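Undergrad: what's the 3D shape of this:
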Amino acid sequence: MIRVLIVDDQVMVREGFSVLLNAMPDIEVVGEAVDGRQAVHKVAVLKPDVVLMDIRMPEMNGLEATREIVAADADAKVLVLTTFDLDEYVYQALRAGASGFLLKDASAGQLAEGVRIVASGEALLAPTVTKRLISEFSRLGTPRAPAQERIGDLTERETEVLVLVAQGLSNGEIAESLVVAESTVKTHVSRILVKLGLRDRTQAAVFAYEARLVTPGG
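TA: This next block holds a predicted model:
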């Protein structure tokens, strides 16, 4: 069972998502939180696999909560909930360690599948968010030096895989693109994360943008 914590200051949103997710045979909602501070506490107590995290909340917002949850080395994966796919906070949340984002008007099927994807360690990045990330890093201009320096730790094939991860491709799609076994791709991704000291695929994607391995149109 995938254990889920729902974090949102609107009771109807929490109850609605709880009903939808609890109807799935492989998902269990283990708790709810009304703000980021309560979310940090409940993650420590309930040990959920996935945290559905709203961003705009009183007391402590979802961005701050995501940072604290990730900094605590919790195993929980944070899936950001937002009303708009171009929410200004989505970019910051991904940099803070969120594993992806989901629109609040997602269908029951999309919500459940998003939880499963993130729980499995995959990144959930819609094309619109990927484009926004690239646009943000393009606007920032100069690549971050630490990111560029660490590229040298990767082999040519690992760099190639990292670029494809940053473009939002799944392991299966990367395997098809490179004409290799999916297990080989998983090995490459694992080595990339270890070499770069990253938490998951989403942080790997952000790293690739910061190092300018991926650019607009690239």
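Undergrad: CA atoms only for stretch 182-198, dumped as CSV, please.
TA: Taking Å, rounded to 0.1, in the frame of the first residue of the first chain, the C-alpha atoms of stretch 182-198 are listed here in CSV:
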residue,chain,number,x,y,z
GLU,A,182,15.4,-0.3,-19.0
SER,A,183,17.4,-1.9,-16.2
THR,A,184,20.5,-0.3,-17.8
VAL,A,185,18.8,3.1,-17.6
LYS,A,186,17.9,2.5,-14.0
THR,A,187,21.5,1.8,-13.2
HIS,A,188,22.7,4.9,-15.0
VAL,A,189,20.2,7.0,-13.1
SER,A,190,21.2,5.5,-9.8
ARG,A,191,24.9,6.3,-10.5
ILE,A,192,24.0,9.8,-11.6
LEU,A,193,22.2,10.5,-8.3
VAL,A,194,25.1,9.0,-6.2
LYS,A,195,27.8,10.9,-8.1
LEU,A,196,26.0,14.2,-7.9
GLY,A,197,24.7,13.7,-4.3
LEU,A,198,21.1,14.2,-5.4
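Undergrad: Just the buried positions in it, please.
TA: By 16 or more other C-beta atoms under 10 Å, the buried positions in stretch 182-198 come out as 185, 188-189, 191-193, 196, 198. C-beta coordinates here come from the backbone N, C-alpha and C atoms, glycine included.
Undergrad: and if you look at stretch 201-216?
TA: Neighbour counts over stretch 201-216 (16+ other C-beta under 10 Å) mark 201-214 as buried.
Undergrad: can you give me how far it is from the chain middle?
TA: Chain-centre distance of stretch 201-216: 13 Å, with C-alpha atoms, centre = their mean, to the nearest Å.
Undergrad: repeat for stretch 20-35
TA: The chain centroid and the centroid of stretch 20-35 are separated by 19 Å under C-alpha atoms, centre = their mean.
Undergrad: Of all the residues in that stretch, which ones are buried?
TA: For stretch 20-35, burial by neighbour count (16+ other C-beta under 10 Å) applies to 20-21, 24, 27, 29-35.
Undergrad: can you check stretch 160-167 too?
TA: Neighbour counts over stretch 160-167 (16+ other C-beta under 10 Å) mark 160-167 as buried.
Undergrad: Sheet-wise, list the partners of the strand or helix carrying Gly31 with their directions.
TA: Element membership for Gly31, per DSSP states H and E: strand 27-33. Sheet pairing of strand 27-33 (DSSP bridges) gives strand 2-7 (parallel).
Undergrad: got the angle between the following helix or strand past the strand it pairs with and strand 27-33?
TA: Per DSSP H and E, the first helix or strand lying C-terminal to strand 2-7 is helix 11-22. Per axes from the mean of the first three to the mean of the last three C-alpha atoms, to 10 degrees, the angle that helix 11-22 makes with strand 27-33 is 160 degrees.
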